[in-house]
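*Asks:* pasting the sequence and the predicted coordinates here, then a few questions.
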Amino acid sequence: MASKSRKKRNRRAVRKGAKQRLAVGLSLVVLILCVASVGFSLYVRQTDPDGRSRPLRLAIENGSGIPGIAADAETALSGLGVEVVRTGNAARFDYLESMLVVRRRGGEARLLADRIGCGRVIEQLSAAAAEDATLILGADFAQLKLGIELEKDLAP
């Protein structure tokens with residue numbers, strides 16, 4: 001009698017172990033698919049007229065007047081797979097709101113704007129522009145999802 005109950009317990013343990021292995025395996029598959037999905041969506045691309053895909057070319061301009069933020073934004077955006085072709089100062093330093101100016105069609109500039117939380121996207125198409133878009137950093141630059149923080153001694 002004791003051997004029957006022992007066999008029964010062993011069968012239950014084998015079934016339970018198989019279910020646990022199956023659950024762990026399925027969890028790993030889901031995790032791998034999630035990581036792959038995030039990995040593919042991280043990179044912002046541009047599609048040329050011939051159908052080839054390449055990194056989005058971006059110019060970054062400081063329109064806030066606070067030194068160094070264009071370089072900080074370049075570091076953050078390069079991590080997203082964006083090719084920063086130029087950084088510098090905007091024509092003026094009184095931009096209250098950051099904006100993304102689209103220079104060429106066919107790109108994912110709006111996807112980039114969504115990813116970094118830039119609510120203002122303007123289209124100013126220019127065939128002569130070297131960049132696909134220009135990011136002008138305004139006074140609200142710290143609210144963008146770029147990881148740029150104001151130094152305490154620079155805070156207004």
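*Replies:* Structure's in. What do you need?
*Asks:* contact partners for L125?
*Replies:* Going by C-beta atoms under 8 Å, 6 or more residues apart in numbering, L125 touches 102-105. For glycine as for every other residue, the C-beta is placed from the backbone atoms N, C-alpha and C.
*Asks:* quick one: secondary structure of it?
*Replies:* coil (DSSP: H, G, I helix; E, B strand; the rest coil).
*Asks:* that one and R103, how far apart?
*Replies:* Per C-beta to C-beta, to the nearest Å, L125 is found 6 Å from R103.
*Asks:* and the contacts of L125, which of them are in strands?
*Replies:* V102 (DSSP state E).
*Asks:* out of the contacts of L125, who's nearest F93?
*Replies:* R103 (21.6 Å; C-beta to C-beta).
*Asks:* grab the nearest non-local neighbour of the closest one.
*Replies:* Leaving out its chain neighbours, the residue that sits closest to R103 by C-beta to C-beta, 6 or more residues apart in numbering is A129, at 3.9 Å.
*Asks:* would you confirm that the one you found contacts R105?
*Replies:* No - using C-beta atoms under 8 Å, A129 is not in contact with R105, being 11.6 Å away.
*Asks:* what is N62 paired to in the beta sheet?
*Replies:* Residues in a beta bridge with N62, per DSSP bridges, are N89, L137.
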